[in-house]
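Trainee: Generate coordinates for the sequence data below:
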Amino acid sequence: MTALPTVFMLIGSLLAAPATAATTSSQQVDLTVYIRQSNAADAVAYAEAVSDPRSPRYRHFLSPAQYRARFAPTDGTVAAVDDYLRGAGLTVENGPANHLFVRAHGSAPQVARAARAVPAAVAPLIAGSTAAHTGRLPSVLPATEPVVCSSYAFQHFATLPQAYGRTEFPTRGCGYTPQQMHDAYGTTGLLAHGIDGRGVRLAVLLFYPIPTVVADIDRFDANHGVPGLAPGQLTEVLPSSFVEPPPAACPLPDDQQEAEGDLETAHNTAPGASLVYVAAASCDPSDILAATNEIVDQHLADIVTNSYTLAFASVPPAVQQAARQTFVQAAIEGIGLFYGSGDLGDVSPFLGTPQTTWPESDPFVTSVGGTSLFIGPDNQREGEVGWGMTFDPVSGAGYQAPVPGTFFLGSGGGITQYPQPFYQRGVVPPALAGTTSPRRVTPDVAAVADLATPVLIGITFNGAFVEAGGGGTSLSSPLFAGIEALADQAAGGPHGFVNPAVYLLRSKGILHDVSNVPDPLAIAFPLNGTTNLDTLQTDTSLVATPGYDDQTGLGSPNGAAYVAALAGH
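Mentor: Prediction:
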């Protein structure tokens, strides 16, 4: 698996590209065979109908059992694939009830022979197959900060070498508290009236268990006046076994801490919602898909947030195609999937050309981009721009490079490889989507993600509980999912795949239209012992403009208006 760099929840570690592990003839190989869905077009049409407020089927969701009876591959299809795998000498495991895939294991030569000898009658039943191979992702953690952080926007300033006609620059935020976030995004009044997500199940997915999550959330809650977790409010759904030792590509404990930050952010936003942590057996794309499929096929939650993004080239086409079936099933069952749009802009500095990432690009998930949010001393929302960080390290009496320096991190987005979905027609400008063959553009919406204007998180880090500012779209996605939980509660039931409704209701004031400002915005940002001039907004080729844009989508949540509008649909 070739993973993209991601933002670590506590001020930004970068992950390097992995090496490929070798396979020996004696090594046991786990093989995943994906089953072809013969009526996929019918499932897509049904998913669109139940998600579209203009359709008479809107929110007429099916149960998992109803979905399987109507759209899943048959028992006979799966039995034929099972028989072929057993005949090749492989051990076949029990698969999911929706027959998305069959898993088997055996020696590397056995798996290779099975792949070469697929019977003619079985080949049309198979959409593709994968076997996991992973490499190491080392992380670089931040050092102590040399400048004082700000509790609200523009509280403290630092003197840096001259840039943009000045030498005084505001310092990076310490981390917005839950109360600051509720006030800024307009959800304080909702909580006061009991709209806190109760009755809604919200799932966070990553990989491997999180030993300290309950204690950390409770400790953070006690420090900041957030209702603590009630008994049973957070549950874990773990696989029968994990891949042990963890593949070198799985960046533990970084991602365990990120998953904990996701859960804490969702809880701080919707403190009454029931939380479900679903752990994949490893970070391999097929394992992550298996865990996602379990959430959907067992309907473990009404809302799911995921924070990982991968380069398309690192995800086998069979996994991408099978994931589409799971995403469509989620929409049919009324499950909303929220994915961070990534933290690397258009990824051109890393992959050579502008492109989007997977799975946030898929038309059946809600892609959540990032912003820089400025909250004033009275918790008022003073402004918001697109998230982009361009670093220029202070070097002596000047800077290491001509200002603004080098792109560091920013909201993901751009034009995707998928055709334009119906809900983006007439909304996304042709200049972004294309004119002759319009395509899907991401993100759909956005929320705060800038590490310079971070949100406070409390987690166990290197064995000790710490509170610090976190960011990345791994924060904006669970934040937006938490607001969706408030909307689901207010509506008396789930909205499922919310994109069609959000695009339709965009003119109702449900979102803040985020636009960049013409004057340079810059902040003193310390990282790894070096103070940087962080010029905001610049995000590779992505720009926040009035209306829909490819840096922040339709905009950031206007909490009370968002909940009220969706509750009426």
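Trainee: all contacts plus neighbour counts: C-alpha atoms, from now on.
Mentor: Noted.
Trainee: Pass me the low-pLDDT residue ranges in the stretch 301-450 of the chain, would you?
Mentor: Along the stretch 301-450 of the chain, segments meeting pLDDT under 70 are nowhere present.
Trainee: Run through who's touching the helix or strand where Arg324 lies.
Mentor: If you go by DSSP states H and E, Arg324 is part of helix 317-333. Applying Cα atoms under 8 Å, 6 or more residues apart in numbering, the contact partners of helix 317-333 are 34, 37, 40, 43-44, 46-48, 50-51, 61-64, 67, 100, 127-130, 285-286, 289, 292-293, 296-297, 299, 336-337, 359, 362, 364-365, 496-497.
Trainee: Please apply the same query to stretch 92-110.
Mentor: 23-35, 68, 72-75, 78, 81-82, 85-86, 88-91, 111, 293-294, 297, 322, 325-326.
Trainee: Equivalent analysis for stretch 254-268, please.
Mentor: 8-9, 139, 178, 202, 204-210, 213, 217, 226, 273, 275, 277, 307, 457-461, 474-475, 478-479, 481-482.
Trainee: same thing with stretch 285-299?
Mentor: Counting by Cα under 8 Å, 6+ apart, residues outside stretch 285-299 touching it are 1, 32, 64, 96-98, 130, 132, 205-207, 239, 278-282, 300-301, 315, 319, 323, 326, 329-330, 333, 335.
Trainee: Could I get the buried residue list for that stretch?
Mentor: Neighbour-count burial for stretch 285-299, counted by 16 or more other Cα atoms under 10 Å, picks out 285-297, 299.
Trainee: and Ser437, what does it touch?
Mentor: Counting by Cα under 8 Å, 6+ apart, Ser437 touches Pro419.
Trainee: Repeat the analysis, applying 7 Å as the threshold.
Mentor: Ser437 is in contact with no residue at all, counting by Cα atoms under 7 Å, 6 or more residues apart in numbering.
Trainee: Kindly report the same for Ile457.
Mentor: By Cα under 7 Å, 6+ apart, the neighbours of Ile457 are Gly261, Glu467, Ala468, Gly469, Gly470.
Trainee: Kindly confirm my reading that it forms part of a helix.
Mentor: No. Under the criterion used here (DSSP: H, G, I helix; E, B strand; the rest coil), Ile457 is strand, not part of a helix.
Trainee: Distance check, it against Asp218.
Mentor: Distance, Ile457 to Asp218, by Cα to Cα, to the nearest Å: 12 Å.
Trainee: go on, Tyr58?
Mentor: 38 Å.
Trainee: now do Ala79
Mentor: For Ala79, the distance to Asp218 - Cα to Cα - is 47 Å.
Trainee: Among the two, which residue is more densely surrounded?
Mentor: A count of neighbours by other Cα atoms under 10 Å puts Asp218 above the other of Ala79 and Asp218, at 17 against 12.
Trainee: Checking the more buried one next. Helix, strand or coil?
Mentor: helix.
Trainee: And for Leu202?
Mentor: Assigned with three-state DSSP, Leu202 falls in the strand class.
Trainee: Bridged to it, which residues?
Mentor: Leu275, Ile303 (DSSP bridges).
Trainee: what's near enough to touch it?
Mentor: Ala273, Ser274, Leu275, Val276, Ala301, Asp302, Ile303, Val304 are the contacts of Leu202 under Cα under 7 Å, 6+ apart.
Trainee: centre of the chain versus the host helix or strand of Glu168, how much separation?
Mentor: When secondary structure is defined using DSSP H and E, the element that contains Glu168 is strand 166-170. A distance of 34 Å separates the centroid of the chain from that of strand 166-170, by Cα atoms, centre = their mean, to the nearest Å.
Trainee: That strand packs against which elements?
Mentor: Applying 3 or more Cα pairs under 7 Å, 6 or more residues apart in numbering; DSSP states H and E, we find strand 166-170 packed against strand 157-163, strand 522-527.
Trainee: quick one: which of those is nearest Gln424?
Mentor: strand 522-527 (33.2 Å; Cα to Cα).
Trainee: what's the following helix or strand past that closest one packed up against?
Mentor: With elements assigned by DSSP H and E, the helix or strand that comes after strand 522-527 is strand 530-536. Judged by 3+ Cα pairs under 7 Å, 6+ apart, the packing partners of strand 530-536 are strand 388-395, strand 522-527.
Trainee: So in that sheet, which strands flank the longest one, and in what orientation?
Mentor: Strand 388-395 has the following sheet partners, assigned by DSSP bridges: strand 398-399 (antiparallel), strand 406-410 (antiparallel), strand 530-536 (antiparallel).
Trainee: residues making contact with that strand?
Mentor: Strand 388-395 has contacts (Cα under 7 Å, 6+ apart) with 399-401, 403-411, 530-539.
Trainee: Could you identify the buried members of the residues you listed?
Mentor: Buried among these by 16+ other Cα under 10 Å: 399, 403-411, 530-539.
Trainee: before we move on, the earlier item: check the contacts of stretch 92-110 for burial and list the buried ones.
Mentor: Taking 16+ other Cα under 10 Å as the criterion, what is buried in the contacts of stretch 92-110 is 29-35, 68, 72-74, 78, 81-82, 85, 88-90, 111, 293-294, 297, 322, 325-326.
Trainee: Can you list the low-confidence ranges for the stretch 1-150 of the chain?
Mentor: Checking the stretch 1-150 of the chain against pLDDT under 70 turns up 1-26, 132-146.
Trainee: Sketch out the strands for it, chain order is fine.
Mentor: 28-35, 91-92, 101-107, 126-131 (DSSP state E, counting those that start in this stretch).
Trainee: want to throw the ones you listed into a markdown table with distance to Gln417?
Mentor: Below are the strands of the stretch 1-150 of the chain laid out as a markdown table (distance: least, Cα to Cα, whole Å):
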| stretch | distance to Gln417 |
| --- | --- |
| strand 28-35 | 22 |
| strand 91-92 | 35 |
| strand 101-107 | 25 |
| strand 126-131 | 20 |
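Trainee: which stretch among the ones you listed comes nearest Leu234?
Mentor: Between those, strand 101-107 lies closest to Leu234; by Cα to Cα that is 28.7 Å.
Trainee: can I get the CA coordinates of the closest one in PDB?
Mentor: Provided in PDB are the C-alpha atoms of strand 101-107 (Å, rounded to 0.1, in the frame of the first residue of the first chain):
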ATOM      1  CA  PHE A 101     -16.400 -10.700  -0.700                       C
ATOM      2  CA  VAL A 102     -15.000 -14.200   0.200                       C
ATOM      3  CA  ARG A 103     -11.800 -14.500   2.100                       C
ATOM      4  CA  ALA A 104      -9.500 -17.500   2.000                       C
ATOM      5  CA  HIS A 105      -5.900 -18.200   3.000                       C
ATOM      6  CA  GLY A 106      -3.100 -20.600   2.000                       C
ATOM      7  CA  SER A 107       0.500 -20.600   1.000                       C
END
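Trainee: Just want the angle from that strand to strand 28-35.
Mentor: 150 degrees (axes from the mean of the first three to the mean of the last three Cα atoms, to 10 degrees).
Trainee: Strand 101-107: how far from the chain's middle?
Mentor: Here the centre of strand 101-107 is set off from its chain's centre by 29 Å, with Cα atoms, centre = their mean.
Trainee: cool, stretch 361-377 as well?
Mentor: From the chain centre to the centre of stretch 361-377 is a distance of 10 Å (Cα atoms, centre = their mean).
Trainee: first vs last residue of that stretch, how far apart are they?
Mentor: End-to-end distance (Cα to Cα), stretch 361-377: 37 Å.
Trainee: can you pull out the helices in the stretch 51-200 of the chain?
Mentor: 64-71, 75-87, 108-116, 178-184, 188-192 (DSSP state H, counting those that start in this stretch).
Trainee: again, but for the stretch 401-550 of the chain
Mentor: 430-433, 473-491, 499-504.
Trainee: which residue ranges form the strands in the stretch 301-450 of the chain?
Mentor: Assigned by DSSP E, counting those that start in this stretch, the strands in the stretch 301-450 of the chain fall at 303-306, 336-340, 366-375, 381-386, 388-395, 398-399, 406-410, 414-419, 439-442, 445-448.
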